[in-house]
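K.L.:
attaching a predicted model along with its sequence, questions to come.
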Amino acid sequence: MVEILVLAEHRGGQLRDITFEMLTKAINLSSKLGAEVISIVLGKDVKSFAPTLAEYSNRVLLVENPLFEHFNSDLYQEVLSRVIRELKPLLTLIGHTSYGIELAPRLAASLNIPLATDCIDITFENNSLIVTRQMYGGKVNVRAVVRRSESYMVTVRQGSFMVQKPSPPLGGRIEELSIPMERVVLRKRFIKYVPPPPGGVDITAADIIVSIGRGIKDKSNIPLVEDLAKSLGGVLACTRPIVDKGWLPSDRQVGISGKTVKPKLYLALGISGSFQHILGMRGSELVISVNKDPKAPIFGYSDYGVVEDLFKIIPVLKMKIDEVRARKE
Amino acid sequence: MVCLDIIVCVKHVPETAEAEIRIDASGRDIEKQGLVFDINEWDEYAIEEAVRIKEKFGGTITVITVGPEDADSTLRKCLARGADRAIRVTDPKISGSDAYAIAKILYNVIKGMRFDLILTGVQASDDESALVGPVLAEMLGIPHATMIKRIEFRDGKAIVNRELEGGFEEVLEVDLPALFTIQTGINEPRYVSIMAIRRAMQKEIKVLSLMDLGLSEEDVSETGSWIRVKEMFTPPAEKKVEFISGSPNEVASRIVEILRRRGLI
């Protein structure tokens, strides 16, 4: 039997979206390969996840242990290497998430299984595994061939596959695995979670967001866009590099490591559009982008685009908006 | 905590964040001509963090890269920042190597060395694999943690903050020696003066070939890699964008019109 193994990811008692995105892709591949979809979930108390996972899987493997209360890649590696050695799945899918980035490369190396990371598509062609992934900050896609093997591992980019609930549900068999962990010596130990610092501005509540990226060039240019945001009655947000440089606080960051926003207007100024950022704004109703690079990935997620130096547009735009507002009053 | 010997692995990459890039004639890579090469952004934070640790506790910093002779400019910048030694692995046979093969090369450079800490960027801005660090840690048999936003030391152990999604972090205690992959924003990389770079010109860069490391072409290149790029193409657009052209005045008027029609102003 050919098998596709999917590592279910969860945090704070919730299965994360990436789990269902991977299972959807696994089901899609399995129908072509005649494969079984097996989901595996590790945790202190994960029985409650079983019915949901069973809808998307032919088999559900539950591995419970008080040690798994918090994610620890050393423990996950111990369990998954045993399971993969025994099961020899054709393909193992892990999320390209904070957890997956910590776990998958080391697990694959220890098992001597070829790994392709951060993939947005997966196909089997003539017995070869072909993956699609991005390079150079999302400016190009590549199709890459994975070295021929009996077993492969792929980490999947979040938001790459739209979740489709199988109908009828697969009704997978639920099995509890008992894996002895006494021998494992932990060299890294979880201490605590740190929540995001409480921010003054909730950008997720805003209808209008003016967002800036590297194109803003310098901290001294920020008042210019703050003024534009004010004229529009919106809030100012930004990409990761702006927060990294300390130009705006982290509560303004849109993207996977920041906030997910769905405003009525997202005005993207000098933002190239890395996937980390796109995932935080692609649900916006109207996206208008200004960028000097006509090939900037942000344009692929925009309704309107302007290929121009943002400093030429901002002052005129602010003036015209103020004019309209003045006429209304 | 006194005297930590730190190894920092860096990559010399083209700066593409704000450049317009083209796919080259091979259809498997981008046109590199005309692009400015510099230290990978994540690695810049890694070398800065290493220098800060050295300034606090003492010790040495060895910086290693795998790349062409041009990568010396990246190594010189690291030396100017405060690294003590630099090693470059250069060999035409390395061509076609993926991140996994690069990790193998780094392993062979590091395996005989004494160290307490290895730092490298979470990922490189060119191939974005995010796997060299953890694979290298597996080969060396040392603990690791990725996406690190803060490093402290307590009772001979490292206390690190890992970045999770949505602004959350987790704090881990990790035994040393360990490998950490550094996330951008962990520090503010210092400005490196031309004078400091000039002084660093006097420091020696040790150059190694595959043969020096006991590796053959089969261990690296496409043969020793996990993945091989078949073709490169422009990403498909999710939305059909309408480009607005004209003078800044015309563009601004059009945007205002769109916003008015939608009742946004």
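P.N.:
In hand now; what should we look at? Residues are numbered from 1 along each chain as shown, chains lettered A, B, ... in the order given.

K.L.:
tally of neighbours for the closest residue to A:Leu232 other than its chain neighbours?
P.N.:
Counting by C-beta to C-beta, 6 or more residues apart in numbering or on different chains, A:Ile208 is the residue found nearest to A:Leu232 once chain neighbours are left out, at 5.1 Å. Heads up, the C-betas are built off the backbone N, CA and C, glycines and all. Counted with other C-beta atoms under 10 Å in any protein chain shown, the neighbours of A:Ile208 add up to 18.

K.L.:
I'd say A:Ile208 and A:Ser231 touch.
P.N.:
No: counting by C-beta atoms under 8 Å, A:Ser231 is not a contact partner of A:Ile208; they are 10.2 Å apart.

K.L.:
picking that back up, which residues does the residue nearest to A:Leu232 bridge with?
P.N.:
Beta-bridge pairing of A:Ile208 under DSSP bridges involves A:Leu265.

K.L.:
equivalent analysis for A:Leu7, please.
P.N.:
As for beta bridges, A:Leu7 partners with A:Ile40 under DSSP bridges.

K.L.:
how deep is the closest residue to A:Asp202 other than its chain neighbours tucked in, by neighbour count?
P.N.:
Nearest residue to A:Asp202, sequence neighbours excluded (C-beta to C-beta, 6+ apart): A:Asp251, at 7.8 Å. Number of residues near A:Asp251 (other C-beta under 10 Å) recorded here: 19.

K.L.:
do the one 3 residues further on as well
P.N.:
Each residue near A:Val254 was counted by other C-beta under 10 Å, and the total is 30.

K.L.:
direction included, what does the strand ranked longest in chain A pair up with?
P.N.:
The single longest strand within chain A, with elements called by DSSP state E, is strand A:115-125. Under the criterion DSSP bridges, strand A:115-125 sits next to strand A:128-135 (antiparallel), strand A:152-156 (parallel) in its sheet.

K.L.:
got the buried residues for that strand?
P.N.:
A:115-122 (16 or more other C-beta atoms under 10 Å in any protein chain shown).

K.L.:
and those residues as TSV, adding pLDDT?
P.N.:
Output for the buried residues of strand A:115-125, formatted as TSV (pLDDT from 0 to 100):
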residue	pLDDT
A:Leu115	98
A:Ala116	98
A:Thr117	98
A:Asp118	98
A:Cys119	98
A:Ile120	98
A:Asp121	98
A:Ile122	98
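
K.L.:
of the residues you listed, which is the nearest to B:Glu218?
P.N.:
A:Leu115 (19.4 Å; C-beta to C-beta).

K.L.:
now do the contacts for that closest one.
P.N.:
A:104-105, A:108-109, A:152-155, B:100, B:131, B:226 (C-beta atoms under 8 Å, 6 or more residues apart in numbering or on different chains).

K.L.:
for it, which non-adjacent residue is spatially closest?
P.N.:
Take A:Leu115 and drop its neighbours on the chain: the residue closest to it by C-beta to C-beta, 6+ apart is A:Ala108, 3.6 Å away.

K.L.:
could you give the mean pLDDT of the helix or strand harbouring the one you found?
P.N.:
Element membership of A:Ala108, judged by DSSP states H and E, is helix A:98-111. Helix A:98-111 carries an average pLDDT of 98.

K.L.:
cool, and stretch B:65-81?
P.N.:
Computed over stretch B:65-81, the average pLDDT equals 97.

K.L.:
also stretch B:27-46?
P.N.:
Averaging pLDDT along stretch B:27-46 yields 96.

K.L.:
what is the end-to-end distance of it?
P.N.:
Start-to-end span of stretch B:27-46 (C-alpha to C-alpha, to the nearest Å) is 32 Å.

K.L.:
B:Met201: neighbour count?
P.N.:
As a burial measure, B:Met201 scores 11 neighbours (other C-beta under 10 Å).

K.L.:
correct me, but it touches B:Leu75?
P.N.:
No: with contacts counted by C-beta under 8 Å, B:Met201 stays clear of B:Leu75, the gap being 10.8 Å.

K.L.:
related to what we said a few turns ago, can you add mean pLDDT and give the strands paired with strand A:115-125 back as a markdown table?
P.N.:
Below are the strands paired with strand A:115-125 laid out as a markdown table (pLDDT from 0 to 100):
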| stretch | mean pLDDT |
| --- | --- |
| strand A:128-135 | 97 |
| strand A:152-156 | 98 |
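
K.L.:
so which of those is the most surrounded?
P.N.:
Mean neighbours per residue, mean count of other C-beta atoms under 10 Å in any protein chain shown, is largest over the strands paired with strand A:115-125 for strand A:152-156, with a mean of 27.

K.L.:
how about the nearest residue to B:Ala99, chain neighbours excluded?
P.N.:
Among residues not flanking B:Ala99 along the chain, B:Ser129 sits closest, at 3.8 Å (C-beta to C-beta, 6+ apart).

K.L.:
that's a strand at the one you found, yeah?
P.N.:
No: read with DSSP: H, G, I helix; E, B strand; the rest coil, B:Ser129 is coil and lies in no strand.

K.L.:
for it, phi and psi?
P.N.:
Backbone torsions of B:Ser129, given as degrees, to the nearest 10, read phi -80, psi -30.

K.L.:
okay, now the unreliable bits of chain B?
P.N.:
In the predicted model, chain B carries pLDDT under 70 at residues B:1.

K.L.:
now B:Thr65, what's its secondary structure?
P.N.:
B:Thr65 carries the three-state label strand when classified by three-state DSSP.

K.L.:
same for the longest helix anywhere in chain A, what does it pack against?
P.N.:
Scanning chain A for the longest helix, with DSSP state H as the assignment, gives helix A:310-328. Counting contacts by 3 or more C-beta pairs under 8 Å, 6 or more residues apart in numbering or on different chains; DSSP states H and E, helix A:310-328 is packed against helix A:222-232, strand A:286-291, helix B:248-261.

K.L.:
quick check: buried residues in it?
P.N.:
For helix A:310-328, by 16+ other C-beta under 10 Å, it's A:310-314, A:316-318, A:320-322.

K.L.:
what's the answer for stretch B:193-210, then?
P.N.:
Of the residues in stretch B:193-210, B:196, B:200, B:205, B:208, B:210 count as buried by neighbour count, 16+ other C-beta under 10 Å.

K.L.:
okay, now that stretch: how far is its last residue from its first?
P.N.:
Length of stretch B:193-210, first residue to last, C-alpha to C-alpha: 34 Å.

K.L.:
before we move on, what about stretch B:78-89?
P.N.:
Stretch B:78-89 stretches 16 Å from its first residue to its last (C-alpha to C-alpha).
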